[in-house]
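Novice: the sequence and its predicted three-dimensional model are supplied below.
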Amino acid sequence: MTPDQIRLVQDSFREVVPIRAAAAALFYERLFAIDENLRALFPVRDMTKQGAKLMASLGFVVHGLDRAETILPTVRELAKRHVTYGVEEHHYPIVGQALIETLAAGLGPAFTPPVREAWEAAYGLLASVMIAAAREDQLAA
């Protein structure tokens, strides 16, 4: 990611923070609309706590983008935990789609093409690190 992309992601995320509960709810609504089978990965129906965890994790990653080496160990551990929840590699593009659609809806006109590209780059980086960590974990098992 370029420094400009990092800035765009961080700046736009500041706009999401005040609407984080609604954004999280919309994210899961989009996720389950794209693939209703993913609902089985979430044993609870009240997704409020899960949404708060999602937004906290997203905030951690977003704020650490300009010093990726400090967040990557945590991201790798997150990936390993997700494997135990049943997350598979083919789920990552679906999550990315739901995230981009959520941001587009939540940010409205502020979700410009450069902001979209920056978020796609950020998610691509995150997903690639998580996928690699999950593969390593599965090979070690």
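Specialist: Now that the structure is in, tell me what you want to look at.
Novice: can we go C-alpha only for contacts and neighbour counts from here?
Specialist: Fine.
Novice: check the chain and tell me which residue is nearest its centre.
Specialist: Note on the chain: the residue nearest the mean C-alpha position is residue 58, at 5.8 Å, using C-alpha atoms, centre = their mean.
Novice: just checking, what packs against the helix or strand containing that one?
Specialist: Using DSSP states H and E, the element containing residue 58 is helix 48-64. On a contact count with 3 or more C-alpha pairs under 8 Å, 6 or more residues apart in numbering; DSSP states H and E, helix 48-64 meets helix 3-16, helix 20-34, helix 68-85.
Novice: buried ones in it?
Specialist: 50-51, 54-55, 59, 61-64 (16 or more other C-alpha atoms under 10 Å).
Novice: one more: stretch 124-138?
Specialist: 124, 126-127, 129-131, 133-135.
Novice: avg pLDDT for it?
Specialist: In this model, stretch 124-138 has a mean pLDDT of 90.
Novice: ditto for stretch 3-15
Specialist: Averaging pLDDT residue by residue across stretch 3-15 gives 97.
Novice: how far is it from where the chain is centred?
Specialist: Offset of stretch 3-15 from its chain centre (C-alpha atoms, centre = their mean, to the nearest Å): 14 Å.
Novice: now do stretch 17-34
Specialist: 11 Å.
Novice: likewise for stretch 56-74?
Specialist: Here the centre of stretch 56-74 is set off from its chain's centre by 11 Å, with C-alpha atoms, centre = their mean.
Novice: put the alpha carbons of that stretch into PDB.
Specialist: Only the C-alpha atoms of stretch 56-74 are listed here, as PDB (Å, rounded to 0.1, in the frame of the first residue of the first chain):
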ATOM      1  CA  ALA A  56     -12.400  -3.200  17.100                       C
ATOM      2  CA  SER A  57     -10.300  -5.600  14.900                       C
ATOM      3  CA  LEU A  58     -10.800  -3.400  11.900                       C
ATOM      4  CA  GLY A  59      -9.800  -0.300  13.900                       C
ATOM      5  CA  PHE A  60      -6.700  -2.100  15.100                       C
ATOM      6  CA  VAL A  61      -5.600  -3.000  11.600                       C
ATOM      7  CA  VAL A  62      -6.500   0.400  10.100                       C
ATOM      8  CA  HIS A  63      -4.600   2.300  12.700                       C
ATOM      9  CA  GLY A  64      -1.600   0.100  12.300                       C
ATOM     10  CA  LEU A  65      -1.300   0.200   8.500                       C
ATOM     11  CA  ASP A  66       1.500   2.700   8.600                       C
ATOM     12  CA  ARG A  67       3.500   0.400  10.800                       C
ATOM     13  CA  ALA A  68       2.400  -3.000   9.500                       C
ATOM     14  CA  GLU A  69       5.200  -4.900  11.100                       C
ATOM     15  CA  THR A  70       3.700  -4.200  14.500                       C
ATOM     16  CA  ILE A  71       0.200  -5.600  13.600                       C
ATOM     17  CA  LEU A  72       1.200  -8.600  11.500                       C
ATOM     18  CA  PRO A  73       1.800 -11.000  14.400                       C
ATOM     19  CA  THR A  74      -1.700 -10.200  15.800                       C
END
